[in-house]
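> Test case, fold it:
(chains A and B)
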Amino acid sequence: GEDVEQSLFLSVREGDSSVINCTYTDSSSTYLYWYKQEPGAGLQLLTYIFSNMDMKQDQRLTVLLNKKDKHLSLRIADTQTGDSAIYFCAESKDGNKLVFGAGTILRVKS
Amino acid sequence: DSGVTQTPKHLITATGQRVTLRCSPRSGDLSVYWYQQSLDQGLQFLIQYYNGEERAKGNILERFSAQQFPDLHSELNLSSLELGDSALYFCASSVGLVYEQYFGPGTRLTVT
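Reported below is the predicted structural model:
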């Protein structure tokens, strides 16, 4: 099927690392994405990884890709209260459209 | 700010009506995508245009149509509106056909 799956909720303490997991379906996906959505706002592209990479680091964000298991994770180091949001994993299918997961609500406790 | 603009920000209309949502892509982007976000369906791809031509269709209803104009802005037309069409409609753009997509702030449509 087309389902991209994510855990629905994650709660962490400020300063800790957050790890949000995702499994996708299409081994031919060119790009895999992480988007952030704050309440009442649009989707902010956080980072993306090409399917031929295993890891990508961008400041506090680390993306790990396990192609064999079709597993993608987003690690946020030193999580801050401003990181509280919904995080969406998405895969590109058929060369162009994005298929999104249901989103993971990240709650950061101070 | 992604550089993608959408108007209007909010739209309230009645069942049976027709509305037009507008999107301006980032400067230089040729590809425009439309997505619908609703509580029950999540984020769903509707349709893609590339340099004025339709490239891909997703779960777009027959009552919905879109086009991309020569200046590359795009419009999504929703007609015979039903209560279930209430959702956030996002436009995204990318440089080409297989590149990262940047999303606009969305148009929140409420059908009463």
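> Quick check: the gap between the most centrally placed residue in chain B and B:Ala56.
Chain B has B:Trp34 as the residue nearest its centroid, 3.4 Å off, counting by Cα atoms, centre = their mean. Remark: distance between B:Trp34 and B:Ala56 (Cβ to Cβ, to the nearest Å) = 11 Å. Any C-beta I mention is one placed from the backbone N, CA and C, and that applies to glycine too.
> Between those two, which contacts overlap?
B:Phe45, B:Ile47, B:Gln48 (Cβ atoms under 8 Å, 6 or more residues apart in numbering or on different chains).
> Tell me the buried residues in the strand or helix carrying A:Val19?
Per DSSP states H and E, A:Val19 falls inside strand A:18-23. Residues of strand A:18-23 classed as buried by neighbour count (16 or more other Cβ atoms under 10 Å in any protein chain shown): A:Ser18, A:Ile20, A:Asn21, A:Cys22, A:Thr23.
> Got the phi and psi for residue 34?
In the absence of a named chain, this looks at chain A. Per-residue torsions, A:Trp34: phi -130, psi 130 (degrees, to the nearest 10).
> mind listing what it touches?
Counting by Cβ under 8 Å, 6+ apart, A:Trp34 has contacts A:20, A:45-48, A:61, A:63, A:72, A:74, A:87-90.
> mind redoing it with 10 Å?
By Cβ atoms under 10 Å, 6 or more residues apart in numbering or on different chains, A:Trp34 lies in contact with A:20, A:22, A:44-49, A:61, A:63, A:72-74, A:76, A:87-90, A:104.
> how about TSV for the buried residues of strand A:18-23, with pLDDT and distance to A:Ser11 added?
Formatted as TSV, the buried residues of strand A:18-23 follow (pLDDT from 0 to 100; distance: Cβ to Cβ, whole Å):
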residue	pLDDT	distance to A:Ser11
A:Ser18	97	9
A:Ile20	98	12
A:Asn21	97	15
A:Cys22	96	18
A:Thr23	95	21
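> Keep only these that also lie close to chain B.
When Cβ under 10 Å from any Cβ of the partner chain is applied, no member of the buried residues of strand A:18-23 is adjacent to chain B.
> Closest one of these to chain B?
A:Cys22 (13.6 Å; Cβ to the nearest Cβ).
> In this structure A:Ser28 contacts A:Asn52, no?
No - judged on Cβ atoms under 10 Å, A:Ser28 makes no contact with A:Asn52 at a distance of 11.7 Å.
> Which residues of chain A lie near chain B?
So far as Cβ under 10 Å from any Cβ goes, chain A lies against chain B at A:2, A:4, A:30-31, A:33, A:35, A:37, A:40-45, A:47-48, A:88, A:90, A:92-103.
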